[in-house]
Structure formats: C-alpha cells, structure tokens
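1. Kindly return the folded structure for what I paste below:
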Amino acid sequence: MISICIATYNGARYIGEQLASILKQLSAEDEVVVSDDGSTDGTLDIVRSFNDHRIRIVDGPQRHSPTLNFEWALRNAKGEYIFLADQDDVWLDGKVRRCVEELQMCDCVVSDARVTDSLLNTTSESLFQLMHVRRGRLSNLLWRNGYTGCCMAFKREVLSKALPFPTDIPMHDIWIGNVAAFCGSLHFIDDRLLLFRRHDAATSCNGKGSNYSLWQKLSFRWHTLKNIVKLKTGIR
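-> Prediction:
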C-alpha cells in the first residue's frame, strides 16, 4: 500500500491540479492523506470535489507549521511506501512507479525535479543542479541539505524511526532524509519526476535561496546532528 501525505493550508489555487496528477498514478488500495491546517480559501472544498475514496482528510494541528502539519499527516499514514507531496506541485507520469522500483533496493529516495514558475513555465531544468546537491550523507548534514520533501519517498521503517519529530529540528524533510541516510540507506534519482512550482507564497526556500543567517544555519545543523546521535545511540 502507498500513502501520499500532503500538508495543506490555503492551497486552493493549485491543489486540484496536484491531486489529479497524483491520483491517476495510484491503485484502488492506495491512499492520499490530506492534513489541513485550517484553510479558509476553499482548499477542502476542492479536495472533497474529487469524491475519491482514496482521499482521507484529517484536521491538522492548526499551528501554521508545515513541519507539524506534515508530521500529523505522516502519523495518519497506513502505507508501506510513503511519499511526501506539496500542495502546489505537479507530479509527472511514472513518478510513483519509478520511486517504488528504487525502494526495492534502499529505504529512501530523493528524485530530481524540473523547477517552474507559477504557470509551470520551466525556470531550471534540474533542482539538483540549482541547489548544488551532493550525494554524501555528511555533505547533506553539514554542508547543504539536498533532501527536498516533495521529491522524497521512503519505507515505513524510516517513518518509524523518524517519529515523533524532535521539537528542535529545522524542517521535516531535513530530519527524515538524515534519519534515512544515517539509520538506513538513501538514494538520489537523477530522473526529474515532478514539476517543482516556485511562487511567492511557497513555504519552502529550496530553489529560491535561503534567507537564514549563518548562525541559524549552524544551529539547524547542530540540532539535526544532535538528534541523529540520540537516535543512533538509543537515548532519544
């Protein structure tokens, strides 16, 4: 069984296109878990309009935190293979099949993506190139994070290790990627499997550059490293 976890908040502009691109890749037994953080713009009306038994809406934490909202979606996921999905992207045909194939050989995968503007006009052919993604786990922990949530899929074993999220992690995808890399196996897929939409309201800074100070970046790395050590040593 496959679980697609989406954290929504006022995503009415794009959520319909994203759901349509996902649902056509799933079987009747799979699910889409939508954790909504209190949308006021009709997001849930659009989700419900699909009238698809595979979609399950859960009330989010109402904290305006993407990390906490994704954590709640993940806590409600039932599948063996779990995908993270943003509310504003578009999945390309074959994304689910390609990732599940790779997950037969590793615990977590991160695919490349084509970066677009709000109208899906390509602005960069490769998110990996735009972010200067490196493959080593130490590089991703200490230098530059390459674990972009909407490009990730992983096995339930990874989720079991990652939950509950430590309260001081920088972002959900950074934490999950590092858990997979240090407590299992992670593989980067060079195929571009989605359209990674960048627009003014996007929460993620991936593909746009970071506004965090050097001190904040160092703090993020320290907290991630500290929590990975705790997880590895069993003192969490």
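2. what about stretch 8-23, how long is it end to end?
-> With Cα to Cα, to the nearest Å as the measure, stretch 8-23 spans 16 Å from end to end.
3. Count residues in the vicinity of Ser21, would you?
-> Ser21: 18 surrounding residues under other Cβ atoms under 10 Å. For the C-beta atoms, the positions are set from N, CA and C on the backbone; glycine is no exception.
4. Give me the phi and psi for the most centrally placed residue in the chain.
-> Taking Cα atoms, centre = their mean as the criterion, Gly149 is the residue nearest the geometric centre of the chain, at 2.4 Å. With angles defined as degrees, to the nearest 10, Gly149 sits at phi -50, psi -50.
5. Just the pLDDT at the residue nearest to it when sequence neighbours are not counted, thanks.
-> Here the nearest residue to Gly149 in space, its sequence neighbours aside, is Asp173; by Cβ to Cβ, 6 or more residues apart in numbering that works out to 3.3 Å. Predicted confidence (pLDDT) at Asp173: the value is 97.
6. before we move on, which element is Asp173 in?
-> Assigned by DSSP states H and E, Asp173 belongs to helix 172-183.
7. Next, the buried residues of that helix.
-> For helix 172-183, the neighbour count (16 or more other Cβ atoms under 10 Å) marks His172, Asp173, Ile174, Trp175, Ile176, Gly177, Asn178, Val179, Ala180, Ala181, Phe182, Cys183 as buried.
8. Need the residues you listed in TSV (columns: distance to Phe70).
-> Listed next are the buried residues of helix 172-183 as TSV, based on distance: Cβ to Cβ, whole Å:
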residue	distance to Phe70
His172	5
Asp173	8
Ile174	12
Trp175	10
Ile176	9
Gly177	13
Asn178	15
Val179	14
Ala180	15
Ala181	18
Phe182	20
Cys183	19
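9. can you tell me the average pLDDT over the longest helix along the chain?
-> Under DSSP state H, the helix in the chain containing the largest number of residues is helix 214-233. Taken as a whole, helix 214-233 has a mean pLDDT of 87.
10. Return the set of residues that bridge with Ile55.
-> Beta bridges link Ile55 to Val32 when assigned by DSSP bridges.
11. Please name the residues that touch it.
-> Counting by Cβ atoms under 8 Å, 6 or more residues apart in numbering, Ile55 touches Leu19, Leu23, Glu31, Val32, Val34, Val47.
12. before we move on, the earlier item: list the residues that contact the residue nearest to the centre of the chain.
-> Per Cβ under 8 Å, 6+ apart, neighbours of Gly149: Phe70, Leu84, Asp86, Met171, His172, Asp173, Ile176, Ser204.
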